[in-house]
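1. requesting a structural model of the entry that follows:
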Amino acid sequence: IIVLDANVLLHIYRLPEAQRSDLMRILKSQEVLARLWIPHQAALEFHRNRLKVISDQISSSKKFLDTVDKAFQKLSEEMNGVIREHHPLIDRENWKNKLEEKLSALTQEYEDVKTRYPVSLEDDPLLNDILEIMEGRIGDPLSSAEMDELRKEAKDRFAKKIPPGYMDEKKKDEERALGDLIFWKQILKKAKEKDSDVLLVLNDMKEDWWQKIHGHHLPR
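-> Numbering: from 1, shown residues only. Got it, this is the predicted structure:
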C-alpha cells in the first residue's frame, strides 16, 4: 500500500511547475493509483490547510521581493558610508548601477513567471486533479471507541516521547495535537486489514518521525 501524508498533497501547491507536473504524473499513473490509499486524517488535514498554503505562496513572494528591495537599499546606504565618491579600486556608482540592473531583471523575471502559478483563493484548478487522485481511496475515520482508547494511550506515549506524534503534544486543539497519532493508527489498522506492507510517503521532518544522526534523517 502506498500511503500519502497530507503535506505531500499540500506540497503540490508549493512546487515549481516542472516538479509539480512530475509529481502529478506519478500520482496519476495506474501503477501508483492501484496501490494508493490516503488515511482519513490526511484527507482532513489537506482540506483544512489547503487555502492557507495557497495564501502563503502568494504572500511569501511579495514579502521576499520587499525583503530584497530593503536589502538593496541598505547595501546602497552602507556602500555610500564605506566607499567615498572616488576610490582607486571600486567605482561606487558602477557597482550600484549593476546591482540595480540585476535586481530589476530578477524582479521582471518574477513578474513574467508569476502568471504561470495557476491557483488563487477563488480559483483552484489543481483541486479537481487532487480530488480525482483521492476519489475512492480515502480511509474511514477511527470509531468513537477507538478514539477514546487513543486518547488514553496518547497520554502515556507523549509522556514517554514514543514516536510518532509527541512533537504535536503542545498544540492547543486536541484533534490537532493527536493528528499524527490518529494518522499513524489509521495506517496500522489498514495494514493489518490488508495484511500488507506500507510505503509511507511524507514531507514531515520532525524528530518524532525521524532519527537525526549527524545531520542525517533516518527512519525510526
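2. list the contacts of residue 116.
-> Residue 116 makes contact with residue 17 under the criterion C-beta atoms under 8 Å, 6 or more residues apart in numbering. For every residue, glycine as well, the C-beta is placed using N, CA and C.
3. quick one: strands adjacent to the one helix or strand residue 200 maps to?
-> Using DSSP states H and E, residue 200 sits within strand 199-201. If you go by DSSP bridges, strand 199-201 pairs up with strand 2-4 (parallel).
4. surely residue 200 touches residue 187?
-> Yes: the criterion here is C-beta atoms under 8 Å, and residue 200 meets it with residue 187 at 6.8 Å.
5. between the two, what contacts are shared?
-> Residues touching both residue 200 and residue 187 by C-beta under 8 Å, 6+ apart: residue 3.
6. so how far is the longest helix along the chain from its chain's centroid?
-> Identified as the longest helix of the chain according to DSSP state H is helix 40-82. Remark: helix 40-82 is offset 14 Å from the chain centroid, using C-alpha atoms, centre = their mean, to the nearest Å.
7. still on that earlier bit, which outside residues touch the strand holding residue 200?
-> Here strand 199-201 makes contact (C-beta under 8 Å, 6+ apart) with 1-5, 8, 187.
8. count of neighbours near the nearest residue to residue 170 once chain neighbours are set aside?
-> Nearest residue to residue 170 in three dimensions, chain neighbours excluded: residue 177, at 7.4 Å (C-beta to C-beta, 6 or more residues apart in numbering). Using other C-beta atoms under 10 Å, residue 177 has 19 neighbouring residues.
9. got a list of what residue 177 touches?
-> If you count contacts by C-beta under 8 Å, 6+ apart, then residue 177 has 154, 168-171 around it.
10. now tabulate these in a markdown table and tack on secondary structure, pLDDT and neighbour count.
-> Output for the contacts of residue 177, formatted as a markdown table (DSSP: H, G, I helix; E, B strand; the rest coil; pLDDT from 0 to 100; neighbours: other C-beta atoms under 10 Å):
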| residue | secondary structure | pLDDT | neighbour count |
| --- | --- | --- | --- |
| 154 | helix | 87 | 21 |
| 168 | helix | 70 | 18 |
| 169 | coil | 67 | 16 |
| 170 | coil | 70 | 8 |
| 171 | coil | 72 | 12 |
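11. in JSON lines: those, plus distance to residue 182.
-> Converted to JSON lines, the contacts of residue 177 look like this (distance: C-beta to C-beta, whole Å):
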{"residue": "154", "distance to residue 182": "9"}
{"residue": "168", "distance to residue 182": "10"}
{"residue": "169", "distance to residue 182": "14"}
{"residue": "170", "distance to residue 182": "17"}
{"residue": "171", "distance to residue 182": "13"}
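12. spatially, which two of those residues are the most separated?
-> The distance between the two most remote of the contacts of residue 177 (C-beta to C-beta) is 12.9 Å, for 154 and 170.
13. all the strands of this structure, residue numbers only.
-> Counting by DSSP state E, the chain has strands at residues 2-4, 36-37, 199-201, 210-213, 216-219.
14. where among those is average confidence lowest?
-> Among those, strand 216-219 carries the lowest mean pLDDT, a mean of 60.
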